[in-house]
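Visitor: Let's see this in three dimensions:
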Amino acid sequence: MSAVSAATGVSEEEIAGDRRFRRVVTARHFFFYLAYTMTKHSLREIAGTKHHTIVLHGVKKTKKMVASDPDATIFVRRLETQLEAR
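Guide: Got it, this is the predicted structure:
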């Protein structure tokens, strides 16, 4: 979560929280996508106190964004590279 927070400028508390501002939701979706694709955690584990379908929605939405927006693709690939280096 810290890598997404640093890259988006959205605090970890906001990503984990319930705010629905676009910049917060987008950062949250990036976190859900990376957590789902780069770990073996289940949707329920990633969701924590949220419902697992919220994570699934975020993952699907981010997949579509990455497929259609070159800037989103570059952003996600850069984060993946940073996380793999850890």
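Visitor: Can you name every helix or strand that the strand or helix carrying residue 30 contacts?
Guide: Using DSSP states H and E, residue 30 sits in helix 22-38. With contacts defined as 3 or more CB pairs under 8 Å, 6 or more residues apart in numbering; DSSP states H and E, helix 22-38 has these neighbours: helix 2-8, helix 12-16, helix 43-47, helix 52-68, helix 70-84. In this view, the C-beta of every residue, glycine as well, is placed from N, C-alpha and C.
Visitor: Contacts for the third one, please.
Guide: Yep, that's helix 43-47 we're talking about. With CB atoms under 8 Å, 6 or more residues apart in numbering as the test, helix 43-47 has contacts from 32, 35-36, 39, 52-56.
Visitor: Filter these down to the buried ones.
Guide: For those, a burial check counting by 16 or more other CB atoms under 10 Å picks out 32, 35-36, 55.
Visitor: what's the distance between residue 15 and residue 67?
Guide: 23 Å (CB to CB, to the nearest Å).
Visitor: what's the answer for residue 31, then?
Guide: 19 Å.
Visitor: quick one: which of these two has more around it?
Guide: The residue with more neighbours, out of residue 31 and residue 67 and counting by other CB atoms under 10 Å, is residue 31; that gives 25 against 9.
Visitor: which ones are touching the nearest residue to the more buried one once chain neighbours are set aside?
Guide: Distances taken as CB to CB, 6 or more residues apart in numbering place residue 4 nearest to residue 31, at 4.6 Å, with adjacent residues excluded. Contacts for residue 4 (CB under 8 Å, 6+ apart) come out as 10, 15, 27, 30-31, 34, 79.
Visitor: Out of those, which comes closest to residue 62?
Guide: residue 30 (6.2 Å; CB to CB).
Visitor: So what's the residue count around the closest one?
Guide: Residue 30 has 25 nearby residues by other CB under 10 Å.
Visitor: my guess is it contacts residue 62, does it?
Guide: Yes. With contacts counted by CB atoms under 8 Å, residue 30 reaches residue 62, the gap being 6.2 Å.
Visitor: Common neighbours of the two, please.
Guide: Joint contacts of residue 30 and residue 62 (CB under 8 Å, 6+ apart) are residue 76.
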